[in-house]
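[1] missing the sequence, but the structure's below:
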């Protein structure tokens with residue numbers, strides 16, 4: 001599992017008219033960081049499972065949208081669009097509280 005990069009001998013990768021973004025996106029060995037998260041299996045097939053660039057940053061936590069989508073899809077009800085943001089904030093708050101509790105438990109050990 002990790003951030004995927006792409007490269008080719010005869011390619012120019014980067015962002016149009018944005019040198020700073022290009023500089024941050026190219027590794028020292030010339031690979032373009034796609035922002036995709038995934039893994040490769042034993043047969044060398046790649047599986048993209050999420051996007052790093054779409055992570056939601058909240059109270060020092062980075063949460064993948066797919067994780068939140070999974071939580072929302074598991075809810076046995078429909079969420080009106082006007083309430084989606086409130087539900088998302090509650091899910092994030094619950095996740096942060098749970099992670100904080102886990103850290104406190106680890107510290108006690």
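    That came through fine. Being a predicted model, the structure only gives us computed values, none of them experimental.
[2] what are the phi and psi angles of residue 51?
    Comment: the main-chain dihedrals of residue 51 come out as phi -130, psi 130, following degrees, to the nearest 10.
[3] repeat for residue 45
    Taking degrees, to the nearest 10 as the convention, residue 45 sits at phi -80, psi 140.
[4] For residue 34, see how far away it is.
    17 Å (Cβ to Cβ, to the nearest Å). Where you see a C-beta, it was placed from the backbone N, CA and C, and this is true even at glycine.
[5] quick one: which of the two has more around it?
    Under the neighbour definition other Cβ atoms under 10 Å, residue 45 and residue 34 were set side by side, and residue 34 has more, 17 against 8.
[6] what kind of secondary structure is that one in?
    Each residue gets one of three states, and residue 34 gets strand by DSSP: H, G, I helix; E, B strand; the rest coil.
[7] cool, and residue 70?
    Quick answer, by three-state DSSP: residue 70 is helix.
[8] so where do the strands sit in the chain?
    Chain-ordered strands for the chain, with DSSP state E as the definition, fall at 2-6, 32-40, 46-51, 56-58, 61-63.
[9] Mind putting these into TSV with mean pLDDT and distance to residue 20?
    What follows is the strands of the chain, written out as TSV (pLDDT from 0 to 100; distance: least, Cβ to Cβ, whole Å):
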stretch	mean pLDDT	distance to residue 20
strand 2-6	61	19
strand 32-40	80	14
strand 46-51	78	21
strand 56-58	68	20
strand 61-63	73	22
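[10] Which of those strands has the highest mean neighbour count?
    strand 32-40 (a mean of 16; mean count of other Cβ atoms under 10 Å).
[11] where does this structure have low pLDDT?
    1-13, 53, 57-58, 72, 75-81, 83-85, 87-99, 109 (pLDDT under 70).
[12] Export the strands of the chain to TSV and append columns for distance to residue 105.
    Supplementary listing: these in TSV, determined by distance: least, Cβ to Cβ, whole Å:
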stretch	distance to residue 105
strand 2-6	28
strand 32-40	27
strand 46-51	27
strand 56-58	22
strand 61-63	17
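[13] between those strands, which gets nearest to residue 71?
    strand 61-63 (9.9 Å; Cβ to Cβ).
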